[in-house]
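Novice: have a look at this fold, sequence not included:
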């Protein structure tokens, strides 16, 4: 890190420049080397690792407040980890549930959160098979933190999906859905309207003096939607735009591939409510976290098929092809609604902490 | 829970009666049912779950202070999860690392903790292959919390070990090292002196006005020690005596098996320093958490062999056979050093919170 940075700040958890630098320059050099063969190791910085046929991921959920319109920490902790598995092309099998509880939390609240975890796990058809419970003194934690780790197996649909890419004579760098598979001309699809999760949280905090009861979080497990896309075939990379939103995800893909991209702003699905609230707050919806959206890179000829497959699922009914990779740029370029071009940088961090 | 209990207390995280009740009566009925076949599910309450050939476990580490004589939160977070895998008879493969950091933590401290995780992972020969980083606002967390989940595979030595049990004509209830395999007459072995971890933490907190610089935590990955025991053969169940100590572990085994046991106090390895400090504090060393000890149940005829195998490893050089299961009692009975008998109850919780 730069010598001026001696302490962790909230930006380091924000999914943008600071977080990526912390992970790449500080954490990876310390713990990233491995002894055994790891098919997708920590340094691949994918949503999950792959080792010995096991897809493995982890996420701690510190969202505040723990209940918000459209979800709660329980639903989030199951959906978020299921999504990290399925965007790799894995079928999620099971989750762990590690509860860190502040002394004084009511059983009623704990029960609601656990019930929500269960409901969401049933929706995703995964089992919660192992757990841990810790309690810390009052005042030493903010209510409740949940960690879920997840294990999964390679989905048979992933091979079917990649076979469609190969049939067009194209070779693939990875047998998983990582950025290394992306080529010039590949299309970028977003599965639905962006920005809802982050705004729902911000409004629920009541700090903004903003009322927009129609904005609810999109938190949802996406494994069935992902399967629909894989069944259509031609997906080469996938990710979910959580902290740092679409802006962070697209910049990561640009960095990894060395390619630029052109994104057509008019095609990015955003609800009127999110648009209005973002304008009032002076926030770019492209930087807002989502918890129920997929971003897919597909072979050019497969894009329409994948789009239709997504739209056939209610979680993807507003999916759009928002742009394509291009050698003509070396960064993320947005064509604005009035036809101008703007550079979309990697955000520094999330506009708000404790979003997930 | 009893109707009087409306809120979570520190006792619910203490590894004793309250924690077991919280998990069995409150958490399991909510999230414990599963859809797929799970070989060792959540309700087995083993140290790890087993599904589809994958051994899977999780643990969040909230220890305070994060550096203590004999270890730190980094070493603890790797050793603790490795130990939960290996006591099942699994070979640990890989860990996840989820950091929850309080804003303001220095990079220097974070670096030390990560270096310690790496050193301990190398000692245990496991890789850290996936991770997550969250930052919460100053005052909303106490420094640093780490969750590690772990995955492992069935150790080939486990089959070798169980084969030795079967060769004596005995059938086994489980092909993993769970309490269900235990029979009347089986011997109980502890791999070394107890109580060091909990006392090292208590002394490091400086709250006790107690100075005992020679007590250091025993935190250590035990997978190689466990392999030595399995190579000897005849182990039927294993666990590590963490929160709630030996008292909690033995009571759990008694409940699961419906058998009592007789423990010979004179044979329990305890250092003079731990004995003295416990007496001053009025604490039973049997209730103190350990982070580098194994408790094994073995077939009677195999006990001496396993004991010698443990003693050949420096982590097990002070191992002892401390007692045996018996139908004559229906609970844990301790024969005191002066020859009397005392009933050893399940502790209510740990004498101190935030021990791990």
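Specialist: Received, thanks. Note that this is a predicted model, so its numbers are computed, not measured.
Novice: where along the stretch 51-200 of chain A do the helices fall?
Specialist: A:73-86, A:107-124, A:156-167, A:196-205 (DSSP state H, counting those that start in this stretch).
Novice: and those, which is most packed in?
Specialist: With neighbours taken as mean count of other C-beta atoms under 10 Å in any protein chain shown, the helices of the stretch 51-200 of chain A reach their highest mean count in helix A:73-86, at a mean of 29. C-beta coordinates here come from the backbone N, C-alpha and C atoms, glycine included.
Novice: quick one: is it near chain B?
Specialist: No - shown here: helix A:73-86 not in contact with chain B (C-beta under 8 Å from any C-beta of the partner chain), separated by at least 8.8 Å.
Novice: who in the stretch 251-356 of chain A is up against chain B?
Specialist: Residues of the stretch 251-356 of chain A lying near chain B by C-beta under 8 Å from any C-beta: A:353-354.
Novice: in chain A, what spans have low per-residue confidence?
Specialist: Counting by pLDDT under 70, chain A has low-confidence residues at A:1-4, A:212.
Novice: how does it divide into domains?
Specialist: Domain assignment of chain A by automatic domain parsing yields the ranges A:42-155, A:157-343.
Novice: tell me which of those domains sits nearest to residue A:34.
Specialist: domain A:42-155 (7.4 Å; C-beta to C-beta).
Novice: how far does that closest one stretch from start to finish?
Specialist: Counting by C-alpha to C-alpha, to the nearest Å, you get 21 Å between the two ends of domain A:42-155.
Novice: not counting sequence-adjacent ones, nearest residue to the residue minimising distance to the centre of chain A?
Specialist: Nearest to the geometric centre of chain A sits residue A:240, at 2.8 Å (C-alpha atoms, centre = their mean). Distance criterion C-beta to C-beta, 6 or more residues apart in numbering or on different chains; nearest residue to residue A:240, sequence neighbours excluded, is residue A:83 at 4.8 Å.
Novice: what do you get for residue A:319?
Specialist: Using C-beta to C-beta, 6+ apart, the closest residue to residue A:319 is residue A:310 (3.9 Å).
Novice: burial of the one you found, as a residue count?
Specialist: The local packing of residue A:310 (other C-beta atoms under 10 Å in any protein chain shown) involves 25 other residues.
Novice: got the angle between the one helix or strand residue A:276 maps to and helix A:196-205?
Specialist: Per DSSP states H and E: residue A:276 is located in helix A:272-281. Interaxial angle of helix A:272-281 relative to helix A:196-205 (axes from the mean of the first three to the mean of the last three C-alpha atoms, to 10 degrees): 60 degrees.
Novice: mind listing the helices for the stretch 251-356 of chain A?
Specialist: Using DSSP H, counting those that start in this stretch, helices in the stretch 251-356 of chain A cover A:272-281, A:303-311.
Novice: about what we covered before: out of the domains of chain A, deepest packed?
Specialist: domain A:42-155 (a mean of 23).
Novice: can you give me the strands for chain A?
Specialist: Secondary structure of chain A (DSSP state E): strands at A:49-51, A:54-61, A:67-68, A:71-72, A:90-102, A:127-136, A:144-154, A:187-190, A:235-239, A:260-264, A:295-298, A:320-326, A:332-335, A:341-343.
Novice: so what does the fourth one touch, helix or strand wise?
Specialist: In other words, strand A:71-72. Judged by 3 or more C-beta pairs under 8 Å, 6 or more residues apart in numbering or on different chains; DSSP states H and E, the packing partners of strand A:71-72 are helix A:107-124.
Novice: which elements pack onto the helix it packs on?
Specialist: Short answer (3+ C-beta pairs under 8 Å, 6+ apart): helix A:107-124 packs on strand A:71-72, helix A:73-86, strand A:90-102, strand A:127-136, strand A:144-154, helix B:28-31.
Novice: make it 7 Å
Specialist: Helix A:107-124 is packed against helix A:73-86, strand A:90-102, strand A:127-136, helix B:28-31, with contacts defined by 3 or more C-beta pairs under 7 Å, 6 or more residues apart in numbering or on different chains; DSSP states H and E.
Novice: roughly how far is that helix from the heart of the chain?
Specialist: The chain centre lies 21 Å from the centre of helix A:107-124; the measure is C-alpha atoms, centre = their mean, to the nearest Å.
Novice: which residues touch it?
Specialist: For helix A:107-124, the surrounding residues in contact (C-beta atoms under 7 Å, 6 or more residues apart in numbering or on different chains) are A:66, A:72-75, A:77-79, A:82, A:92, A:95, A:97, A:101, A:127-128, A:144, A:221, A:223, B:1, B:5-8, B:26-27, B:30-31.
Novice: if we can go back for a sec, could you dump the helices and strands packed on helix A:107-124 into a markdown table with distance to residue B:196 added?
Specialist: Shown next, in a markdown table, are those (distance: least, C-beta to C-beta, whole Å):
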| stretch | distance to residue B:196 |
| --- | --- |
| helix A:73-86 | 35 |
| strand A:90-102 | 25 |
| strand A:127-136 | 21 |
| helix B:28-31 | 32 |
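Novice: do I have it right that residue A:244 meets residue A:287?
Specialist: Yes - the pair residue A:244 / residue A:287 is scored as a contact, 6.5 Å apart, by C-beta atoms under 7 Å.
Novice: packing partners of the helix holding residue A:276?
Specialist: helix A:196-205.
Novice: for the helix it packs on, the distance to its chain's centre please.
Specialist: 16 Å.
Novice: coming back round to it: how about the residue nearest to the centre of chain A, phi and psi?
Specialist: With angles defined as degrees, to the nearest 10, residue A:240 sits at phi -110, psi 130.
Novice: ok, now which ones touch it?
Specialist: A:83, A:87, A:222, A:290, A:293-294.
Novice: beta partners of residue A:95?
Specialist: In this entry, residue A:95 is beta-bridged to residue A:128, residue A:150, by DSSP bridges.
Novice: ok, it touching residue A:150?
Specialist: Yes - using C-beta under 7 Å as the test, residue A:95 is close enough to residue A:150 to be in contact (5.0 Å).
Novice: what is in contact with residue A:244 and residue A:287 at once?
Specialist: Contact criterion C-beta under 7 Å, 6+ apart; residues shared by residue A:244 and residue A:287: residue A:347.
Novice: mind checking which of the strands of chain A is nearest residue A:278?
Specialist: strand A:332-335 (14.7 Å).
Novice: now for that closest one, which elements pack on it?
Specialist: helix A:245-257, strand A:260-264, strand A:341-343.
Novice: in space, what's closest to residue A:127 - neighbours in sequence excluded?
Specialist: residue B:34 (3.8 Å).
Novice: now do residue A:213
Specialist: residue A:69 (7.3 Å).
Novice: farthest-apart pair in the contacts of residue A:240, please.
Specialist: Maximum distance among these (C-beta to C-beta): 12.4 Å, for A:87 and A:290.
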